[in-house]
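Asker: when you get a sec, could you give me coordinates for this:
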Amino acid sequence: MKENLLIDDEYLHELISVINAAKQTIDLQVYIFADDTVGKMMANAMCNAAKRGVIVRLLIDGVGSMSFGGELASQLKAAKVAVNVYHPVPWNISHWYQSTSTWKHFIAKFIGLFFKLNSRNHSKVCIVDQQIVLLGSANITSHLIDENNETKWRETGVKLQGVDISGIQYMFNRLFARRHFHLPFRKLKADPVFQLNYSWRLRRRAIKSLMRDIDQAKEKIWIANAYFIPNIALLNKLIAASKRGVDVRIILSAKSDVLIASLAATTFYARLLKNGAVIYEYLRGVMHQKVMIIDDIYFVGSSNLDDRSFHHNIEVNVKLQMDATKHDLYQQFQQDFNQARVIQQEDVKNQSIVKRFIANCVLRARYYL
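Answerer: Residues are numbered from 1 along each chain as shown. So this is what the prediction gives:
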């Protein structure tokens, strides 16, 4: 087995490299596929692969990639890259012909898409030749190559080879083939590497596993997460861990692309700080990564710690297996701590009444954020 941590633009360069070297298949699913410099780079690499006989499939999300279309879509279609859109918004008719919905009747399909608006495919995964998997927090956007430290996005991904990909390949095939349900008695094998949530049973298993890991933590719980809006159960478990002496540290982004999510996160500062947790705000650009260390369990993936990831989004995370990769993530946490400021109780007390009011209002709608 091989496992490599990929930080920021390393993920993009490795992704293009494995696509350029692909011989048989490329299966890419991503929340945002932007029509920008990076989107064009990726489209060119995928088209070149298709032209040399590789079977290329792309699954994008209807909300995240709402602007996908035009020349970019035409280029992929001309190269025979198969493109599907997961739950397009009802008013984006240009996505309907690529929709993963199975509705046949126009009106029924239109109404059905409204009911699916809150269900998004937020995972970022690429499977190449059914042997190599890349996944993490990064979308296909120019944020990955931004040279401005004030606006560059902080991302973490991982490349895996020599692992059992049957579960993650099944997930892609099922979503791409527009099968949103599977037989309830289908046996679900415990996957030691990938954490998937494309069914309610897998989603429930992932949540219970996370809660159990936090309950059993003895040394540390380190979290770096773009959108931290925990439910009461998760918040209480983090506080309980801190009270029993576990080193609980949480890195959030001082600058966020989703301001309301960042505001909602501040409503938890007081309770966490009061009970011994340490909160950091990352200062070097926008922190978009989703990584966690719970003692010797190291997670990298696309899941946020909010109701959207818990209840609505399709996500993929991986548990790192190799000591060298775990060491790399540990060191990356240390670097991120050094590029962040520690939040003090005084910072919370000095927050304006207006900001507190807005934050609490936003929190009331966290199920839909």
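Asker: can you give the domain ranges for this protein?
Answerer: Here the domain parsing of the chain from automatic domain parsing is 2-161, 189-368.
Asker: and those domains as a markdown table, adding distance to Met171 and mean neighbour count?
Answerer: Every C-beta, even on glycine, is put in place using the N, C-alpha and C of the backbone. Shown next, in a markdown table, are those (distance: least, Cβ to Cβ, whole Å; neighbours: other Cβ atoms under 10 Å):
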| stretch | distance to Met171 | mean neighbour count |
| --- | --- | --- |
| domain 2-161 | 8 | 19 |
| domain 189-368 | 5 | 18 |
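Asker: tell me which of those sits nearest to Gly167.
Answerer: In terms of Cβ to Cβ, the element of those nearest to Gly167 is domain 189-368, at 4.9 Å.
Asker: mean confidence for that closest one?
Answerer: Average pLDDT, domain 189-368: 89.
Asker: from the middle of its chain, how far away would stretch 139-152 be?
Answerer: 17 Å (Cα atoms, centre = their mean, to the nearest Å).
Asker: which residues touch that stretch?
Answerer: Residues outside stretch 139-152 that contact it (Cβ atoms under 8 Å, 6 or more residues apart in numbering) are 8-9, 11-12, 30-34, 36-39, 42, 64, 124, 138, 153, 155, 255, 284-286, 288.
Asker: if we go to 6 Å?
Answerer: Contacts to stretch 139-152, defined as Cβ atoms under 6 Å, 6 or more residues apart in numbering, come from residues 9, 12, 30-34, 36-39, 42, 138, 153, 284-285.
Asker: chain neighbours aside, what residue packs nearest to Asn20?
Answerer: Using Cβ to Cβ, 6 or more residues apart in numbering and skipping the chain neighbours, the partner closest in space to Asn20 is Ala45 (5.8 Å).
Asker: wait, is the one you found part of a helix?
Answerer: Yes - under the criterion used here (DSSP: H, G, I helix; E, B strand; the rest coil), Ala45 sits inside a helix.
Asker: where's the closest residue to Asp306 other than its chain neighbours relative to Val89, distance?
Answerer: In this structure, Asp306 finds its nearest non-sequential neighbour in Ile229, 4.0 Å apart by Cβ to Cβ, 6+ apart. Computed as Cβ to Cβ, to the nearest Å, the Ile229 to Val89 distance reads 23 Å.
Asker: with Ile140 instead?
Answerer: From Ile140 to Val89 the distance is 19 Å (Cβ to Cβ).
Asker: same thing with Arg178?
Answerer: Using Cβ to Cβ, one obtains 17 Å as the distance from Arg178 to Val89.
Asker: output the contacting helices and strands for the helix or strand that contains Phe337.
Answerer: Using DSSP states H and E, the element containing Phe337 is helix 323-338. Applying 3 or more Cβ pairs under 6 Å, 6 or more residues apart in numbering; DSSP states H and E, we find helix 323-338 packed against strand 2-7.
Asker: quick one: the helices in the stretch 251-369 of the chain?
Answerer: Taking DSSP state H, counting those that start in this stretch to define them, one finds helices in the stretch 251-369 of the chain at 259-265, 269-274, 307, 323-338, 345-349, 353-364.
Asker: wait, doesn't Ser262 sit right on Ser256?
Answerer: Yes - using Cβ atoms under 6 Å, Ser262 is in contact with Ser256, at 3.7 Å.
Asker: surely Thr25 touches Val56?
Answerer: No - contact criterion Cβ under 6 Å: Thr25 and Val56 do not qualify, at 7.7 Å.
Asker: what's the first-to-last distance across stretch 148-165?
Answerer: In stretch 148-165, first residue to last residue: 37 Å (Cα to Cα, to the nearest Å).
Asker: what is the distance between it and the centre of its chain?
Answerer: Chain-centre distance of stretch 148-165: 10 Å, with Cα atoms, centre = their mean.
Asker: go on, stretch 60-76?
Answerer: Centroid displacement of stretch 60-76 relative to its chain, using Cα atoms, centre = their mean, is 19 Å.
Asker: ok, and what's touching that stretch?
Answerer: With contacts defined as Cβ under 6 Å, 6+ apart, stretch 60-76 is touched by 31-33, 35, 43, 83, 85-89, 94-95, 120-121.
Asker: min pLDDT across the residues you listed, which one?
Answerer: Within those, Ser94 has the lowest pLDDT, namely 72.
Asker: and that one, that's in a strand?
Answerer: No - the assignment for Ser94, made by three-state DSSP, is helix rather than a strand.
Asker: quickly note the distance from it to Asn139.
Answerer: Distance from Ser94 to Asn139, by Cβ to Cβ: 20 Å.
Asker: pLDDT weak spots in the stretch 1-150 of the chain?
Answerer: 93, 96-115 (pLDDT under 70).
Asker: helices of that one, residue ranges please.
Answerer: Assigned by DSSP H, counting those that start in this stretch, the helices in the stretch 1-150 of the chain fall at 9-21, 37-51, 70-78, 106-115.
Asker: who wins for proximity to Asp215 among those helices?
Answerer: Among the helices of the stretch 1-150 of the chain, helix 9-21 comes nearest to Asp215, with 32.0 Å by Cβ to Cβ.
Asker: how about that closest one as PDB, C-alpha atoms only?
Answerer: Extracted in PDB, the C-alpha atoms of helix 9-21 (Å, rounded to 0.1, in the frame of the first residue of the first chain):
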ATOM      1  CA  ASP A   9      -1.700  22.800  -5.100                       C
ATOM      2  CA  GLU A  10       0.100  19.500  -4.600                       C
ATOM      3  CA  TYR A  11      -3.300  17.900  -4.900                       C
ATOM      4  CA  LEU A  12      -4.000  19.600  -8.300                       C
ATOM      5  CA  HIS A  13      -0.600  18.700  -9.800                       C
ATOM      6  CA  GLU A  14      -0.900  15.000  -8.700                       C
ATOM      7  CA  LEU A  15      -4.400  14.800 -10.000                       C
ATOM      8  CA  ILE A  16      -3.400  16.000 -13.400                       C
ATOM      9  CA  SER A  17      -0.400  13.700 -13.300                       C
ATOM     10  CA  VAL A  18      -2.400  10.600 -12.700                       C
ATOM     11  CA  ILE A  19      -5.000  11.600 -15.300                       C
ATOM     12  CA  ASN A  20      -2.300  12.100 -17.800                       C
ATOM     13  CA  ALA A  21      -0.900   8.600 -17.000                       C
END
